[in-house]
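>>> with the input below, show me the fold.
(2 chains)
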Amino acid sequence: EAQVTQNPRYLITVTGKKLTVTCSQNMNHEYMSWYRQDPGLGLRQIYYSMNVEVTDKGDVPEGYKVSRKEKRNFPLILESPSPNQTSLYFCASSLSYPNIWILGTLNEQFFGPGTRLTVL
Amino acid sequence: GESVGLHLPTLSVQEGDNSIINCAYSNSASDYFIWYKQESGKGPQFIIDIRSNMDKRQGQRVTVLLNKTVKHLSLQIAATQPGDSAVYFCAESRDGGGFKTIFGAGTRLFVKA
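Numbering: from 1, shown residues only, chains lettered A, B, ... in the order given. Reported below is the predicted structural model:
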């Protein structure tokens, strides 16, 4: 089954304790992205990756790191989590090429189920 | 700063009626727009997209309209069904491919049986 998986789905941690949220897709997608979702703010993009070893900042990258060593995986790293990083996190992927319509869309992103993170 | 906003936070419609969800964007340089649906407890799901060189695009039961003059985007859902109940987000991008994306806050659609 084509899907984006995230682990863990739920995590409660304490301030300053490094953590990694994993994201994996089995669709051979080149593009992957991380978002956080907070009430009343919609989704905000943290980082995205156009391909292996190619990453770029979204709107809210502070306090986060990412890596893209393999095409299928795009982990999100919080080196020193703080309470303001308590949020619902989504990973997404797409088979996307700039300015080229593929299967009727430019960039249909497939989202994972989300990871609810609480930092105490 | 730049933002993608919505006119209404909630919308309630009768089953079988058409729904119209509106979205205003502030940056005239935006060249690509996407609508997503998010059901409770799930990740967003792509519905339909449109580029700035188009003013209308149709999918299955959905139509997106883009008015660049007033920087307005709308999603029309025909014959709304209970399964359409969800939060709908519009999103914009300025890089030609939707790689760096800004989302609106969302509109919750309630469908009354």
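>>> please make it C-alpha for all contacts and neighbour counts, starting now.
Will do.
>>> which residues does the residue of chain A found nearest chain B contact?
Closest to chain B within chain A is A:G42: 4.0 Å, counting by C-alpha to the nearest C-alpha. Going by C-alpha atoms under 8 Å, 6 or more residues apart in numbering or on different chains, A:G42 touches B:F89, B:F103, B:G104, B:A105, B:G106.
>>> need the strands for chain A, in chain order.
A:4-7, A:10-13, A:19-25, A:31-38, A:42-51, A:54-57, A:65-66, A:76-78, A:87-94, A:110-111, A:115-119 (DSSP state E).
>>> picking up where we left off before, and the residue of chain A closest to chain B, how far from A:Y35?
10 Å (C-alpha to C-alpha, to the nearest Å).
>>> any regions of the chain where pLDDT drops low?
Answering for chain A, as no chain was given. A:97-104 (pLDDT under 70).
>>> other chain: chain B
Filtered on pLDDT under 70, chain B yields the residue ranges B:1-8.
>>> number of residues surrounding whichever residue of chain B sits closest to chain A?
Scanning chain B for the residue nearest chain A gives B:A105, at 4.0 Å (criterion: C-alpha to the nearest C-alpha). By the measure other C-alpha atoms under 10 Å in any protein chain shown, the count of residues near B:A105 is 25.
>>> quick check, it in contact with A:L43.
Yes. Applying C-alpha atoms under 8 Å, one finds B:A105 in contact with A:L43, separated by 7.4 Å.
>>> dump stretch A:51-70 to CSV, keeping only the CA atoms.
Taking C-alpha atoms only, stretch A:51-70 is exported to CSV below (Å, rounded to 0.1, in the frame of the first residue of the first chain):
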residue,chain,number,x,y,z
ASN,A,51,15.7,15.2,-3.4
VAL,A,52,18.5,13.3,-1.6
GLU,A,53,20.9,15.7,0.2
VAL,A,54,18.8,18.7,-1.0
THR,A,55,16.8,20.5,1.8
ASP,A,56,15.5,24.0,2.3
LYS,A,57,13.8,26.0,5.0
GLY,A,58,10.1,26.5,5.2
ASP,A,59,8.4,29.3,7.2
VAL,A,60,9.2,28.0,10.7
PRO,A,61,12.6,26.2,10.7
GLU,A,62,13.9,27.5,14.0
GLY,A,63,14.6,24.8,16.5
TYR,A,64,14.4,22.0,13.9
LYS,A,65,16.8,20.0,11.8
VAL,A,66,16.3,17.6,8.9
SER,A,67,18.3,15.3,6.8
ARG,A,68,17.7,13.5,3.5
LYS,A,69,20.3,10.7,3.2
GLU,A,70,17.9,8.4,1.5
